[in-house]
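Undergrad: what follows is a protein structure lacking sequence information:
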């Protein structure tokens, strides 16, 4: 794993930890001051991660289907096709990394948009990792995010 890669597994884990440990408490305080429902925010975050992951699975599948068609025609060896397929996914991941996060989700309520945009963006990057990464909601530290 290259430490220069901004979307390496290590960097993605660091970005997720930053989101969870630094950004979420700030947003949580803002929501508390506005008397927002904590369950609504938590559900929205989990839904956002799930939606982004599902969208990236669909995109990966489209890439797989495209390269399967290429494999049947005469051309590069299967190993080369596999390499190019992985490079295509990595290029998609890098393109998303450099995308303006705010442009990804515009339909979310304004006070939650920065956090949900960050969650969607990070989840896309995590889902495109090889192997894909996903938050472990079931084994989340109890009480860590208590309101």
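TA: Everything's here; your move. Here the structure is a predicted model, which means the values were calculated and not measured.
Undergrad: rest of the way, CA atoms for contacts and neighbours
TA: Noted.
Undergrad: what separation do you get for residue 123 and residue 68?
TA: 26 Å (C-alpha to C-alpha, to the nearest Å).
Undergrad: swap in residue 11?
TA: Residue 11 is 31 Å from residue 68, by C-alpha to C-alpha.
Undergrad: swap in residue 120?
TA: From residue 120 over to residue 68 (counting by C-alpha to C-alpha), the distance is 29 Å.
Undergrad: looking at those two, which is more packed in?
TA: Taking other C-alpha atoms under 10 Å, residue 120 and residue 68 do not tie; residue 120 has more neighbours (24 against 15).
Undergrad: from memory that one sits against residue 52, does it?
TA: Yes. Contact between residue 120 and residue 52 holds when scored by C-alpha atoms under 8 Å: they sit 5.5 Å apart.
Undergrad: what helices and strands are in contact with the worst-scoring helix or strand of the chain on mean pLDDT?
TA: Using mean pLDDT, DSSP states H and E, the weakest-scoring helix or strand in the chain turns out to be helix 24-33, at a mean of 82. Helix 24-33 is packed against helix 38-72, with contacts defined by 3 or more C-alpha pairs under 8 Å, 6 or more residues apart in numbering; DSSP states H and E.
Undergrad: average pLDDT for the next helix or strand after the helix it packs on?
TA: Where DSSP states H and E defines the elements, the next helix or strand beyond helix 38-72 is helix 78-97. What helix 78-97 shows for mean pLDDT is 91.
Undergrad: residues of helix 78-97 that come out buried?
TA: Across helix 78-97, burial judged by 16 or more other C-alpha atoms under 10 Å covers 81, 82, 85, 86, 88, 89, 90, 92, 93, 94, 96, 97.
Undergrad: ok, those vs residue 48, which is closest?
TA: Residue 48 lies nearest to residue 96 out of these, by C-alpha to C-alpha, at 15.8 Å.
Undergrad: can you tell me which residues contact that closest one?
TA: 121, 124, 125 (C-alpha atoms under 8 Å, 6 or more residues apart in numbering).
Undergrad: now, which of those residues lie within helices?
TA: Of the positions in the contacts of residue 96, 121, 124, 125 sit in helices, assigned by DSSP state H.
Undergrad: save those residues as JSON lines, and put in neighbour count too.
TA: Compiled in JSON lines, the ones in helices among the contacts of residue 96 are given as follows (neighbours: other C-alpha atoms under 10 Å):
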{"residue": "121", "neighbour count": "26"}
{"residue": "124", "neighbour count": "27"}
{"residue": "125", "neighbour count": "26"}
